[in-house]
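*Asks:* coords please:
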Amino acid sequence: RTFSSHTVPISTHMAIGKLMELDGEDHDNPHKLGLHLVPLSRITQMRPNFAHVDEEAASAAATTEDEIKQQQTKQEDQSVERKPVAIQKKESERAAIARKSSYSFKKASEDAEPWHNLQVLDPISSEAAQIMNLVKCPNPNNNLLQTSAMSKMTAREAPARSLNEQYVNTLNYLPASENDNETSSSSSDETKVTNIVAKLVRLMHSGWPIPFSLLRAQFPDSISDDTLFVALGSCAVLVRGNFCLASRLLALPPAMANARNFLLLLFQSMRVVHRERLMHALAAEGIGGQLSGTNGERRGTVTPTMVEMLLEQLGKKTEEGWVLKVDDDIGFGEKYSETMLLHMQYWARLLEHYQPLLRRYREQPVVRMDET
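*Replies:* Residues are numbered from 1 along each chain as shown. As a prediction, this is how the structure comes out:
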């Protein structure tokens, strides 16, 4: 039996968790257990493929000898995979990016992918237990949340004193249910947050920076600012007081999405970005280059056309250089200091990751009129 898979981004924070006893501790003591978490960045949806059913139905419906021969010929043609020979003009780089971002291209790429065997294990088997043991954190002292200091408080009631504790709280953004009546309420709240995220993604699909005041105006007063910030935290980043849709939710090639993250970091930290310095930072050899992802894998080539498209999407050209398309919202940080602090910690981590690119960017001198 075959299944068609499709990888989709996650619109909310999700993680795989497993309760594991600490080394040398007693399993009967719940205070000596640790919850090990592995954050998820994407989900692979698996759906049964019924193409063979359609073929069998067509074969069964064939009554005459001619229809049977046509059906056999069709199946033989599919196995041979005959392709027409055509000559066409070489497409431009911009047209190639648009084609690779289209649904038909993604559908054709999925159909061309090879099939892989899926091994299904009994959840109580030793093989499944061995795989789940890989969830264990290699550093047992890297605690996201110290439950010993919380006493009887829940993670929601305890104050979030660090970014790690705030991340754990985002995994538990729904109110705790104590009876059946509250269970339905929790399900309703989860659906509401999911719907908010879906609407935000639609509003921000262009990738432009949008002030929070404009996003706030698209939702009724019954939805609190805190609920909006939870939804925005899962699908957008805060750049100089304005929100931009996360690069992973845009239909961009991996290299272009990674370059967009670096460009957002430059806008956030330096305000003014110079195109030639940006190209120098992204270039591995000459014009264009290869970016590495967060795990160190190669993510593809970045071309000048891609850089130009990203600059036009996020910024506007001035005498100083490229600045964010929307003016800085200084008042946002003063009014929502906790949200601002959370996003500043995110930028601090991204700043550390992109240190090599930042050094290349800074070593290139500023050239007057380099944006023309």
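
*Asks:* Can you list the low-confidence ranges for the stretch 151-300 of the chain?
*Replies:* Along the stretch 151-300 of the chain, the model assigns pLDDT under 70 to residues 151-167, 170, 172-191, 284-300.

*Asks:* Just the strands from it, written as ranges.
*Replies:* Listed in chain order, the strands of the stretch 151-300 of the chain (DSSP state E, counting those that start in this stretch) span 210-211, 236-239, 242-245, 289-292, 298-302.

*Asks:* Can you classify residue 44 by secondary structure?
*Replies:* Secondary structure, DSSP: H, G, I helix; E, B strand; the rest coil: residue 44 is strand.

*Asks:* So that it lines up with my notes, have the first residue be 364 from now on.
*Replies:* Fine by me, first position is 364 from now on; the one you just mentioned is residue 407.

*Asks:* May I have the beta-bridge partners of it?
*Replies:* Beta bridges link residue 407 to residue 370, judged by DSSP bridges.

*Asks:* next one: residue 687
*Replies:* For residue 687, the beta-bridge partners are residue 678 (DSSP bridges).

*Asks:* Also residue 380?
*Replies:* Taking DSSP bridges as the rule, residue 380 bridges to residue 400.

*Asks:* and it, what is it in contact with?
*Replies:* Contacts for residue 380 (CB atoms under 8 Å, 6 or more residues apart in numbering) come out as 398-401, 498. The C-beta positions use only the backbone N, C-alpha and C, and glycine is treated the same way.

*Asks:* if I look at it, how far off is residue 366?
*Replies:* Residue 380 is 25 Å from residue 366, where distance means CB to CB, to the nearest Å.

*Asks:* what do you get for residue 590?
*Replies:* 36 Å.

*Asks:* Between these two, tell me which one has more neighbours.
*Replies:* residue 590 (16 against 13; other CB atoms under 10 Å).

*Asks:* check contacts around that one.
*Replies:* In this structure, residue 590 makes contact with 555-556, 559, judged by CB under 8 Å, 6+ apart.

*Asks:* Among the residues you listed, name the ones in helices.
*Replies:* The helices, defined by DSSP state H, take in 555-556, 559 from the contacts of residue 590.

*Asks:* Now a PyMOL select for only the buried ones of those residues.
*Replies:* Selecting only the buried entries of those in PyMOL, with 16 or more other CB atoms under 10 Å as the criterion:
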select buried, resi 556+559
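
*Asks:* mind putting the ones in helices among the contacts of residue 590 in JSON lines, distance to residue 582 included?
*Replies:* JSON lines is the format used below for these (distance: CB to CB, whole Å):
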{"residue": "555", "distance to residue 582": "11"}
{"residue": "556", "distance to residue 582": "12"}
{"residue": "559", "distance to residue 582": "7"}
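
*Asks:* between the ones in helices among the contacts of residue 590, which is nearest residue 452?
*Replies:* Closest approach between the ones in helices among the contacts of residue 590 and residue 452, by CB to CB: residue 559, at 45.1 Å.

*Asks:* Hmm, that closest one is touching residue 581, no?
*Replies:* No - applying CB atoms under 8 Å, one finds residue 559 not in contact with residue 581, separated by 9.9 Å.

*Asks:* in stretch 702-709, what's buried?
*Replies:* Quick answer for stretch 702-709 (16+ other CB under 10 Å): 702, 705-706.

*Asks:* Present those as a markdown table; the columns should include secondary structure, pLDDT and distance to residue 473.
*Replies:* Output for these, formatted as a markdown table (DSSP: H, G, I helix; E, B strand; the rest coil; pLDDT from 0 to 100; distance: CB to CB, whole Å):
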| residue | secondary structure | pLDDT | distance to residue 473 |
| --- | --- | --- | --- |
| 702 | helix | 91 | 37 |
| 705 | helix | 89 | 36 |
| 706 | helix | 91 | 34 |
